[in-house]
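A.B. asks: Got a sequence here, can you build the structure:
(chains A, B, C and D)
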Protein chains: 2
Amino acid sequence: MADQQDKEALFDALVEAAKALGNGRRAELIDILGQGERSVEELAVEIHQTVANTSQHLQRLLRAGLVCSRRSGTRIYYSLAGTAVERLWRALRETAEAHARELGDLVRAYVGDRADLSTITRDELRLRLRQGDVVVLDVRPAQEYKAGHIPGALSMPFSDVKSRLHEVSQGSQIVAYCRGPYCLYADEAVRLLTDEGHLATRLEEGFPEWKAAGLPIEQSDS
Amino acid sequence: MADQQDKEALFDALVEAAKALGNGRRAELIDILGQGERSVEELAVEIHQTVANTSQHLQRLLRAGLVCSRRSGTRIYYSLAGTAVERLWRALRETAEAHARELGDLVRAYVGDRADLSTITRDELRLRLRQGDVVVLDVRPAQEYKAGHIPGALSMPFSDVKSRLHEVSQGSQIVAYCRGPYCLYADEAVRLLTDEGHLATRLEEGFPEWKAAGLPIEQSDS
DNA sequence: TTCTTATTCAAGTAGGTACTTGAATAAGAA
DNA sequence: TTCTTATTCAAGTACCTACTTGAATAAGAA
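C.D. replies: Below is the predicted model of the structure:
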């Protein structure tokens, strides 16, 4: 025992998950699956890739043990394999944020300037929820709301916000949240609401971080 | 803003750290650097690779922001870039452990059968330390002990254990620790000590995990 | 059964990665 | 200055990866 070949084999196996995460498209898949299970085609649309290519990426993730799959009729649904995967993805983002010099530029290029948006932390939101003086909007697609959301939140998918503005009474404090720091839904929702004269704020992070913090969540029975 | 190219660029950047970790030799480097800074040649010896190849791996890690380097005379010392990197490496190991089916076999092939060794958790060791009825041995190389160790531990590098057995009084409870779960020093030390009639146990994890848990550490001034 | 739809498989191509070898730097010692 | 040592650079090779294309499965509907 204890020979160098065995050590190499062990470390080679340990990094399989890192290799699987080491591709931008697969990281996007993990990020989306953090909101709940999805079919191959839905995922292909989200990451703007062909179905065949997406399928191959998913199989790579499956082999590395980062996702699971289940068949339902003619569709196959993929989901994250466990909370360890969520922790890994979060640790990776934190490492990147901790120091990619140019990461800030890339974030700005994608999400635009967020300086005009007010944000609220998880803890502040919890306090407000207890005080009951806030309306929480889940602006992710309805499917993701169903798979799990912040208790008391109202589902208002980003695409519907414009037409459903009247549902929110003028004068109430609004907090919008979405998939996470790299998701634009809440940003846009807050901008729309603010333009209409509402007091709107975005939750700093998204639903997966809320769930990971061990805070209570609510599910719609499907 | 918010166009697909920007999103791809952002995620491609986020996964740079995963790509850098996605190689067994580089993972070994990160694992070793978790014990403290090292020169290129020392690292090359540890991972059984040529200096040129090791240098290239280190530069890859440097570009990804996982390590830092400083020059001292004719040598260049590399070290981990921050605690986020340690967290990432731990999250990766936990993901792999959470489910690589064959990982167990690989661990066994490398570390051998540990069933004969008694282990102790961090919390048990803390309790024992407070009670003062235990001798703690740091069996890592002296350099790593100097860079940081469990308070009160005695430095006894694995290679010296055999010849220094007499320093430990018969009858005392001994706990040995080393670099971490994939390090063999403590295992071997415990076997040697047990064969000599001592009551020896290995700390389940290693020094980096102790430090990461926020427990007190001690340093020798160099 | 045939048709449709969702997914996977197989083969091909362009570019990336890991390692080797030998030469080039760069700091310090003589 | 020349010599030595530690590290990096550059070029080459074998293998791996991401994506494409078109064909093959596999479940359900008609």
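
A.B. asks: all strands of chain A, in order?
C.D. replies: Counting by DSSP state E, the segments of chain A that form strands are A:38-39, A:67-72, A:75-80, A:119-120, A:135-138, A:154-155, A:173-177, A:199-203.

A.B. asks: Okay, angle between the third one and strand A:67-72 too, please.
C.D. replies: This points to strand A:75-80. Here strand A:75-80 runs at an angle of 150 degrees relative to strand A:67-72 (axes from the mean of the first three to the mean of the last three C-alpha atoms, to 10 degrees).

A.B. asks: packing partners for strand A:75-80?
C.D. replies: helix A:24-33, strand A:38-39, helix A:40-46, helix A:51-63, strand A:67-72 (3 or more C-beta pairs under 8 Å, 6 or more residues apart in numbering or on different chains; DSSP states H and E). For the C-beta atoms, the positions are set from N, CA and C on the backbone; glycine is no exception.

A.B. asks: Contacts for it next, please.
C.D. replies: A:29-30, A:33-34, A:36-41, A:43, A:58, A:61-62, A:66-71, A:86 (C-beta atoms under 8 Å, 6 or more residues apart in numbering or on different chains).

A.B. asks: who does it pair up with?
C.D. replies: strand A:38-39 (antiparallel), strand A:67-72 (antiparallel) (DSSP bridges).

A.B. asks: Now the helix ranked longest in chain A - C-alpha only, CSV.
C.D. replies: Determined from DSSP state H, the single longest helix within chain A is helix A:83-99. Output of helix A:83-99 as CSV, limited to C-alpha atoms (Å, rounded to 0.1, in the frame of the first residue of the first chain):
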residue,chain,number,x,y,z
THR,A,83,-26.5,19.5,-0.9
ALA,A,84,-22.8,18.8,-1.2
VAL,A,85,-23.0,19.8,-4.9
GLU,A,86,-24.7,23.1,-3.9
ARG,A,87,-21.9,23.7,-1.4
LEU,A,88,-19.3,23.0,-4.0
TRP,A,89,-20.8,25.4,-6.5
ARG,A,90,-21.1,28.1,-3.9
ALA,A,91,-17.5,27.5,-2.7
LEU,A,92,-16.3,27.8,-6.4
ARG,A,93,-18.1,31.1,-6.9
GLU,A,94,-16.7,32.5,-3.6
THR,A,95,-13.2,31.5,-4.6
ALA,A,96,-13.7,33.2,-8.0
GLU,A,97,-15.1,36.3,-6.4
ALA,A,98,-12.4,36.3,-3.7
HIS,A,99,-10.1,37.2,-6.5
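
A.B. asks: quick one on the thing from earlier: what's the closest of the strands of chain A to B:Arg114?
C.D. replies: strand A:67-72 (29.7 Å; C-beta to C-beta).

A.B. asks: Which residues outside the closest one are in contact with it?
C.D. replies: Residues outside strand A:67-72 that contact it (C-beta under 8 Å, 6+ apart) are A:29-30, A:33, A:37, A:58, A:61-62, A:76-81, A:85.

A.B. asks: Grab the two from these that are most spread out in space.
C.D. replies: Spatial extent of those (C-beta to C-beta) is set by the pair A:Ile76 and A:Val85 at 18.4 Å.

A.B. asks: the bottom helix or strand of chain A by mean pLDDT?
C.D. replies: One helix or strand of chain A scores below all others by mean pLDDT, DSSP states H and E: helix A:103-111, with a mean of 89.

A.B. asks: Helix A:83-99 and that helix, what's the angle between them?
C.D. replies: 110 degrees.

A.B. asks: which ones are touching A:Gly82?
C.D. replies: By C-beta under 8 Å, 6+ apart, the neighbours of A:Gly82 are B:Ala98, B:His99.

A.B. asks: mind running it again at 7 Å?
C.D. replies: B:Ala98 (C-beta atoms under 7 Å, 6 or more residues apart in numbering or on different chains).

A.B. asks: ok, what's across the strand from the closest residue to A:Thr194 other than its chain neighbours?
C.D. replies: Of all residues not flanking A:Thr194 in the chain, A:Ala200 sits nearest, at 5.2 Å (C-beta to C-beta, 6 or more residues apart in numbering or on different chains). On the basis of DSSP bridges, A:Ala200 is bridged to A:Ile174.

A.B. asks: In terms of pLDDT, where does A:Ala2 sit?
C.D. replies: A:Ala2 is assigned 55 on the pLDDT scale.

A.B. asks: And A:Ala52, by the same measure?
C.D. replies: We have a pLDDT of 97 for A:Ala52.

A.B. asks: And for the one 3 residues further on?
C.D. replies: pLDDT, A:Ser55: 97.

A.B. asks: Quick check: nearest residue in space to it, chain neighbours excluded?
C.D. replies: Nearest residue to A:Ser55, sequence neighbours excluded (C-beta to C-beta, 6+ apart): A:Val40, at 5.4 Å.
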